[in-house]
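[1] structure here, sequence nowhere to be found:
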């Protein structure tokens, strides 16, 4: 089954390196993958060191993927691409002097990994690697760096109308957005690293990019920030064109297809839960229906109907 271990938050301090090593080695043992211990500990030490020296809070480590193909990820709040510490410099602060005794750069990560890379997002980055069973001396692997595309200024289409999402469950929507971001990143990495072997990943990645262009980036950022500030429910307003209805209809099918790939472990991400799927279907159907002139249907109405039907059955 795909792994979905909760992330371990880390302090921006030297002790975080040891904390991450212990946590990752414990998970490897829990998975029965003691063969990965040395490379997993070495790789996570390098990545946490880089995050402390060159990244920003919050910093965390997590394990995703599957037992056969676990992937260790270190995230931080900086969108700067990962850089290599410079242990030769004599001008570093005490913390850097301490840390660079561990951190010898991404070259060490590449030798400890079957594959590695980074995803650069608006609110930070994730640097990841799949630990190898033995250190590959002199056999450095090139990383897959997935950077943000330059934002194109967004304008609503001339025929755009307001789409109201009423009484949205914020906690559930946040879970849907997180699941979507993980899935989108998985597809982008697969398309970048293995485009010739998995052309469908490339096509799905392009479809997701077209879907995202229907929303203004600034509005999505504000929605994400609002969700994290608190509150149980909220009304959200978007602008959408009737011309986008075909894209939303296609995405309903694409998300179900992606779920099937996740369950078959062809994507190292978790499929949506039943409740996440219902919310996402409701959301896309609201865009389709309201751009066609129909009135909004609150999410609470959908939930009440589902609850009633489950009691009847």
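    Happy to help now that I have it. As the structure is a computational prediction, the values presented were derived from the model and not from experiment.
[2] what's the helix or strand for the spatially most central residue of the chain?
    For the chain, residue 182 is the residue whose C-alpha lies nearest the centre (CA atoms, centre = their mean; 3.1 Å). Using DSSP states H and E, residue 182 sits in helix 170-193.
[3] what does that helix contact?
    Contacts with helix 170-193, where a contact means CB atoms under 8 Å, 6 or more residues apart in numbering, come from 64, 115, 117, 119, 121, 126, 144, 146, 198, 201-202, 204-205, 208, 224, 226-228, 231-234, 258, 262, 267-270, 272-273, 275-276, 279-280, 283. Backbone N, C-alpha and C define where each C-beta goes, glycine included.
[4] any idea how far the residue nearest to the centre of the chain is from residue 202?
    Distance of residue 182 to residue 202, given as CB to CB, to the nearest Å: 18 Å.
[5] count of residues packed around residue 191?
    Using other CB atoms under 10 Å, residue 191 has 20 other residues around it.
[6] residue 6 too?
    So residue 6, with other CB under 10 Å, has 8 neighbours.
[7] over to it: give its phi and psi.
    Main-chain torsions, residue 6, degrees, to the nearest 10: phi -60, psi 150.
[8] so it touches residue 61, yeah?
    No - contact criterion CB atoms under 8 Å: residue 6 and residue 61 do not qualify, at 10.7 Å.
[9] quick revisit: same question for the helix holding residue 182, mean pLDDT?
    If you average the pLDDT over helix 170-193, you get 81.
[10] and for stretch 273-282?
    Mean predicted confidence for stretch 273-282 is 95.
[11] what does that stretch rub up against?
    169, 172-173, 175-176, 179-180, 252, 255, 259, 272, 297, 299, 302, 306.
[12] then stretch 34-41?
    21, 24-25, 28-29, 70, 72, 112-113, 131-135.
[13] and whatever helix or strand residue 207 lives in, what does it pack against?
    Assigned by DSSP H and E, residue 207 belongs to helix 199-212. With contacts taken as 3 or more CB pairs under 8 Å, 6 or more residues apart in numbering; DSSP states H and E, helix 199-212 sits against helix 170-193, helix 245-263.
[14] for the helix or strand following the shortest one, buried residues please.
    Think helix 245-263. For helix 245-263, the succeeding helix or strand toward the C-terminus, using DSSP H and E, is helix 274-291. Using 16 or more other CB atoms under 10 Å as the test for burial, helix 274-291 gives 276-280, 282-291.
[15] most widely separated two among these?
    276 and 291 (23.2 Å; CB to CB).
[16] picking up where we left off before, filter the contacts of stretch 273-282 to the buried ones?
    169, 172-173, 175-176, 179-180, 255, 259, 272, 297, 299, 302.
[17] can you add distance to residue 17 and give those residues back as a markdown table?
    Converted to a markdown table, the buried ones among the contacts of stretch 273-282 look like this (distance: CB to CB, whole Å):
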| residue | distance to residue 17 |
| --- | --- |
| 169 | 39 |
| 172 | 36 |
| 173 | 35 |
| 175 | 31 |
| 176 | 34 |
| 179 | 30 |
| 180 | 32 |
| 255 | 38 |
| 259 | 37 |
| 272 | 35 |
| 297 | 51 |
| 299 | 44 |
| 302 | 47 |
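[18] residue 48: which of these is nearest?
    residue 179 (25.4 Å).
[19] any idea how far residue 186 is from that closest one?
    Going from residue 179 to residue 186 by CB to CB gives 11 Å.
[20] do residue 118 as well
    When distance is defined by CB to CB, residue 118 is 14 Å away from residue 186.
[21] burial check on residue 11, number of neighbours?
    Residues near residue 11, counting by other CB under 10 Å, number 12.
[22] check the gap between it and residue 270 for me.
    28 Å.
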